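Student: model this:
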Amino acid sequence: MNNLDKQYLELLDDILVNGTSKDDRTGTGTFSVFGRQIRHDMRDGFPLLTTKKMAWKTMTKELLWFLSGDTNIKWLVENKCNIWNGDAYKAYLNRSAVKHQWKRGGDVADMETFLDVVKNEHDVDFGDLGPVYGKQWRDWNGNDQIKNLIKGIKENPDSRRHMVTAWNVGELDQMVLPPCHYGFQCYVRDGKYLSLMWNQRSVDTFLGLPFNISSYGLLLLMLAKECDLIPDQLIGNLGDVHLYKNHVEQAIEQTKREPYPLPDMKLTSNHNFRAAMKGNMNEIDLNDFILLGYQSHPSIKAKLSN
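Tutor: A predicted model of the protein is given here:
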């Protein structure tokens, strides 16, 4: 059994057995535990769960979008990445509640119309999420944290300040959703191995966490390539670790599955990382990411709570 799936399935069991029933902002309700950790050695393979099929290209698109510093879902929608559609639509409706009407005709747009406008027009009222992850990573009060991180790793690898944070207290009320995974730190060992540890306050264990693990794993691969280092350890520090109550049956189903060996991820170049960093999203080519040997159980559908 690969150790990543093993840890994840044990975490699901932990919540199912020990979780405290809690209310939450979505009205769905959760079973929750507090203070857990995921650890993965990148030499064991790419951290992509095998006990359910993962939409790894969707995860990849979101990460590149973060790195670009963008906060509007237009590029995501154009590229069939729908992770943020619900939050963006809620943000639009909240603005509409203040304005009382959709300025193009007096009616509030339904989701289909909303997404059509996002794709085909340039209107900041449609699709903007406020200063979420990418904005903070690339422009925290004028500071580009990702560029500073890379510069620091290259010039002073033994520093204890290789950190990026998205938890900008002064701008939280402008965000459609405060960051769940709010910061990460890098560590260089022996001048050639790069590790990454991320911190997450709120962990949607069934739907969100598998994406978070793979996303930070891919970020570690790209940072290591950019800094000419070898990917080493991936660590996740998890705060409120929860299962939504409408995900319990799905979680039980997944715990009964036997994991397959982990796949490998090869980057033919760091073209996509550099294109995203420059905001040249039209140059993104997912063929530069080669996933090798991915065998998984079928996907398990579950409703997103937002």
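Student: what kind of secondary structure is Leu209 in?
Tutor: Put simply, Leu209 is helix when judged by DSSP: H, G, I helix; E, B strand; the rest coil.
Student: what do you get for Val203?
Tutor: Using three-state DSSP, the secondary structure recorded for Val203 is strand.
Student: what's near enough to touch it?
Tutor: Shown in contact with Val203 (C-beta atoms under 8 Å, 6 or more residues apart in numbering): Arg36, Cys180, Leu209, Asn212, Leu238, Gly239, Asp240, Val241, His242. Every residue, glycine included, has its C-beta placed from N, CA and C.
Student: you'd agree the first one is up against Asp13?
Tutor: No - with contact taken as C-beta atoms under 8 Å, Arg36 and Asp13 are classed as non-touching, separated by 11.9 Å.
Student: Counting neighbours, go ahead and name the busier of these two.
Tutor: The residue with more neighbours, out of Arg36 and Asp13, is Arg36; 20 against 13, by other C-beta atoms under 10 Å.
Student: residues contacting that one?
Tutor: Leu11, Asp14, Val203, Leu238, Val241.
Student: hmm, back to that, and the contacts of Val203, which of them are in strands?
Tutor: Members of those lying in strands (criterion: DSSP state E): Arg36, Leu238, Gly239, Asp240, Val241, His242.
Student: The first one bridge partners, please.
Tutor: Listed beta-bridge partners, Arg36: Leu238 (assigned using DSSP bridges).
Student: Next, give phi and psi for Ile235.
Tutor: Per-residue torsions, Ile235: phi -130, psi 130 (degrees, to the nearest 10).
Student: Excluding chain neighbours, what is closest to it?
Tutor: Met197 (4.1 Å; C-beta to C-beta, 6 or more residues apart in numbering).
Student: Equivalent analysis for His122, please.
Tutor: Per C-beta to C-beta, 6+ apart, closest to His122 is Lys74, 7.9 Å.
Student: how many neighbours does that neighbour have?
Tutor: Residues near Lys74, counting by other C-beta under 10 Å: 22.
Student: Could you do the one 3 residues further on as well?
Tutor: Per other C-beta under 10 Å, the neighbour tally for Val77 reads 20.
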